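Asker: when you get a sec, could you give me coordinates for this:
(one chain, ligands or ions: 3)
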Amino acid sequence: MLIGIPKEIKNHEYRVGMTPSSVREATAHGHDVIIETNAGAGIGCSNDDYIAAGAKIIDTAAEIFAKAEMIVKVKEPQKVEYEQLREGQLLFTYLHLAPDPDQTTGLITSGVTAIAYETVTDKNGGLPLLAPMSEVAGRMAPQVGAAALQKANGGRGMLLGGVPGVAPAKVVVIGGGVVGTNAARIAAGMGADVIILDKNVKRLTWIDDAFGPRVKTQYATIDDTEALVYDADMVVGAVLIPGAAAPKLIHKNQLSRMKPGSVLVDVAIDQGGCFETSKATTHADPTYIVDDVVHYCVANMPGAVARTSTFALNNATLPFTLALADKGWKKACQDDPHLAAGLNIHKGRVTYEAVASALGYDHMPLDRILA
Ligand SMILES: NC(=O)C1=CN([C@@H]2O[C@H](COP(=O)(O)OP(=O)(O)OC[C@H]3O[C@@H](n4cnc5c(N)ncnc54)[C@H](O)[C@@H]3O)[C@@H](O)[C@H]2O)C=CC1
Ligand SMILES: CC(=O)C(=O)O
Ligand SMILES: [Mg+2]
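Answerer: Ligands and ions are numbered 1, 2, ... in the order given. Now for the predicted structure:
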């Protein structure tokens, strides 16, 4: 198969779809790989590194989109990218369609077959291609939140860990999945007073076992969420209903009850955000203030640590990339229902139920496509 890797074009996005090591694996499987010139520059990998792995360097993204049978990316295609996709071509990348009607229409119109990293599943009920970036974003959340708490950045002027004789900041993490537990781990490590809310009691039990008294847990009722948010210095939004738009858990009218200068880090922004006042921001201009509350809502947080993130992402995606290239998407999905769960769009139809229901499309069931 001819695999194409365009350079990412989202704001301050330095990750790349395949590392040189992944390219070498693909060429060892007999595939051809074309990659846009300098696509790996942001992770410190040169054209020569890719050539040594067996790839051919191409000058323009347009040529990659025109020639490749499978496009491997990181971020959801931007308008200029989805306009170049076509029927019969396979796209393997993050999509986050539920909060993104324009991209969804673009992919439907293109006729492309699109498999979303974030809805591929595993046998334990996890999301193995989302997890590595959730680990990164979760670990970054207290870092970016700590910077936002500084006075010059609009925050309350608090040090996350406090100092002897002065209490640490109170960090409330809503959602105790991969992002939430990684955020809690770093926030607790920085000395903050941390509590995680979730609606899954089994998950809270696991967190309690894993962290002991360093991190508190609380079942996420409306009452308890509200009380903890009003008392928080930093709130991390880390909930997910796979494929669906994020539920809104803090509303605009509640911001005035929060502490002035407190910080909301909405990691769930790529699924639309779990705070009513969240709107996606970029690494170039990551925060804004509503009712004295600082909002950080960058939808591609891992792009800031592109080297760590690209290698972590490839560790998870490579077996699936190879399966898709070796067998073609249909046979690979027929053989592996967890990969099939990633199929979101095929030939103009929405094939993922939560996306169809969020955006008002008819849902085309997978078994009809894979039959
Ligand atoms: N902004 C960024 O750059 C990045 C964003 N993300 C996003 O972060 C979000 C979280 O991802 P993961 O931690 O991997 O998901 P996950 O599935 O591991 O965890 C989500 C948790 O939220 C809980 N939850 C769901 N509804 C809830 C509610 N109403 N109240 C309390 N808890 C609730 C679930 O029980 C689960 O434990 C996703 O939207 C993901 O796409 C992930 C990586 C990067
Ligand atoms: C998961 C995601 O959206 C990201 O890594 O940018
Ligand atoms: Mg994102």
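
Asker: and the pLDDT for residue 243?
Answerer: Confidence per residue is given as pLDDT, and for residue 243 that number is 89.

Asker: name the nearest residue to it, sequence neighbours excluded.
Answerer: residue 354 (3.7 Å; CB to CB, 6 or more residues apart in numbering). Every C-beta, even on glycine, is put in place using the N, C-alpha and C of the backbone.

Asker: roughly how far apart are that neighbour and residue 96?
Answerer: Summarising the geometry, the distance separating residue 354 from residue 96, computed by CB to CB, to the nearest Å, is 11 Å.

Asker: more neighbours: these two, which one.
Answerer: Neighbours per residue, other CB atoms under 10 Å: of residue 354 and residue 96, the larger number sits with residue 96, 23 against 19.

Asker: pretty sure that one contacts residue 269?
Answerer: No - applying CB atoms under 8 Å, one finds residue 96 not in contact with residue 269, separated by 9.4 Å.

Asker: now for those two: what residues contact both?
Answerer: When contacts are counted by CB atoms under 8 Å, 6 or more residues apart in numbering, residue 96 and residue 269 are jointly contacted by residue 299.

Asker: where along the stretch 201-350 of the chain do the helices fall?
Answerer: Counting by DSSP state H, counting those that start in this stretch, the segments of the stretch 201-350 of the chain that form helices are 201-211, 222-231, 252-255, 306-327, 329-335, 337-340.

Asker: would you confirm that residue 6 contacts residue 66?
Answerer: No - at 11.0 Å, residue 6 does not count as touching residue 66 under the criterion of CB under 8 Å.

Asker: the two - which one has more neighbours?
Answerer: Relative neighbour count places residue 6 above the other of residue 6 and residue 66, with 25 against 13, counting by other CB under 10 Å.

Asker: measure the residue lying closest to residue 250 once chain neighbours are set aside to residue 286 for me?
Answerer: Using CB to CB, 6+ apart and skipping residues adjacent in sequence, the residue nearest residue 250 is residue 275, 4.5 Å away. Between residue 275 and residue 286 the computed distance is 15 Å (CB to CB).

Asker: same check on residue 237?
Answerer: Taken as CB to CB, the spacing of residue 237 relative to residue 286 amounts to 15 Å.

Asker: ok, how many other residues are close to residue 79?
Answerer: Neighbours around residue 79, by other CB under 10 Å: 9.

Asker: next: residue 210.
Answerer: If we define neighbours as other CB under 10 Å, then residue 210 has 12 of them.

Asker: residue 182 is in contact with that one, correct?
Answerer: No - here residue 210 lies out of contact with residue 182, judged by CB under 8 Å, at a distance of 11.5 Å.

Asker: who's residue 35 bridged to?
Answerer: Per DSSP bridges, residues listed as beta-bridge partners of residue 35: residue 5, residue 57.

Asker: what's the burial count for it?
Answerer: Residue crowding around residue 35 was assessed by other CB under 10 Å; the count is 29.

Asker: OK, contacts around the closest residue to residue 309 other than its chain neighbours?
Answerer: Setting aside the residues directly before and after it, residue 309 is nearest to residue 302 in space (CB to CB, 6+ apart), at 3.8 Å. Remark: with contacts taken as CB under 8 Å, 6+ apart, residue 302 is in contact with 15, 133, 136, 137, 140, 308, 309, 313.

Asker: then residue 111?
Answerer: Contacts for residue 111 were tallied using CB under 8 Å, 6+ apart; they are 85, 86, 87, 88, 347, 348.

Asker: do the same with residue 330
Answerer: Taking CB under 8 Å, 6+ apart as the contact definition, residue 330 lies against residue 370.

Asker: residue 88 versus that one, what's the distance?
Answerer: The gap separating residue 330 from residue 88 is 12 Å, by CB to CB.

Asker: please apply the same query to residue 45.
Answerer: Applying CB to CB, the value for residue 45 to residue 88 is 30 Å.

Asker: neighbour count: these two, which is higher?
Answerer: Between residue 45 and residue 88, counted using other CB under 10 Å, the more crowded position is residue 45 (22 against 9).

Asker: looking at it, that one is touching residue 16, isn't it?
Answerer: Yes - the criterion here is CB under 8 Å, and residue 45 meets it with residue 16 at 7.4 Å.
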